[in-house]
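Participant: Show me the folded form of this:
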Amino acid sequence: MNDVIVYNWNNKVGPNDIVYILGDFALTSTERTKYFLENLNGKKIFILGDHDKQIWQCRNYFEEITPLKNIRIMDIPITLCHYCMRVWSKSHYNSWHLYGHSHGHLSPIGKSHDVGVDNNNFAPVSFDEIKTIMDNRPNNANYIKDR
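Facilitator: Predicted coordinates for the structure are as follows:
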C-alpha cells in the first residue's frame, strides 16, 4: 500500500506543485516519516491531524505546519482542516471545505469533500478534480443567496 501511495502521489504531483496534506500522515517512526517525505514530490504544507506525533521532528520537509488554513484558488475561498466541520469560514458564501480524518465514512455536506487518500483511490486530489466535484455539489446549508 505504501509503495502504491508514493507511486500515485508522484504520478500526479510535480516537484514544484504545492500539496496540502490534511493530517494523519505520521503515525509511524520518524525515520519512516522522513523516508516518505524525501520520496514524495511537491512543496508540502501540513495541516495537523490527530496522528502526527512525528511531524515536528520532520518540520524541515514542510513549507508550513498549521492546524487550519484558509486559502484562495481562482478566487474560490477554501478552508483546509483535518476535521470535518458543519460550517467554516465563508461557508455562507458557498466557500469550500476540504478535510480528512473520516476515511470516507462521513457524507459530505454542501461544498465539502474528504480528500483523504483512502477516499480518493490512494492518490492526492488535484484542484481541477475538486472543482468538478464541487460544481456538482449542492449549496452549503447556510448559504445566503441574496447579499
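Participant: so how many other residues sit close to residue 5?
Facilitator: Using other CB atoms under 10 Å, residue 5 is surrounded by 16 other residues. C-beta coordinates here come from the backbone N, C-alpha and C atoms, glycine included.
Participant: helix, strand or coil for it?
Facilitator: Following DSSP: H, G, I helix; E, B strand; the rest coil, residue 5 is assigned to helix.
Participant: got it, and the one 10 residues further on?
Facilitator: Per three-state DSSP, the local secondary structure of residue 15 is coil.
Participant: quick one: contacts for it?
Facilitator: 41, 42 (CB atoms under 8 Å, 6 or more residues apart in numbering).
Participant: what about the residue of the chain positioned farthest from its centre, is that helix, strand or coil?
Facilitator: Here the chain reaches farthest from its C-alpha mean at residue 146, the gap being 30.3 Å by CA atoms, centre = their mean. Of the three states, residue 146 takes coil under three-state DSSP.
Participant: How about the residue nearest to the spatial centre of the chain: what's its closest non-neighbour residue?
Facilitator: By CA atoms, centre = their mean, the chain has its centre lying nearest to residue 22, at 4.0 Å. Residue nearest to residue 22 in three dimensions, not counting chain neighbours: residue 100, with 4.0 Å by CB to CB, 6 or more residues apart in numbering.
Participant: same question, residue 125
Facilitator: Residue 125's closest residue in space is residue 115 (CB to CB, 6+ apart), at 4.9 Å.
Participant: my read: the one you found touches residue 127, true?
Facilitator: No. Counting by CB atoms under 8 Å, residue 115 stays clear of residue 127, with 10.9 Å between them.
Participant: any idea how far residue 2 is from residue 138?
Facilitator: 36 Å (CB to CB, to the nearest Å).
Participant: any residues touching stretch 31-47, and which ones?
Facilitator: 2, 6, 9-10, 13-23, 25-26, 52, 54-55, 57-58, 61-69, 80-82.
Participant: Narrow those residues to those in helices?
Facilitator: 2, 6, 9, 10 (DSSP state H).
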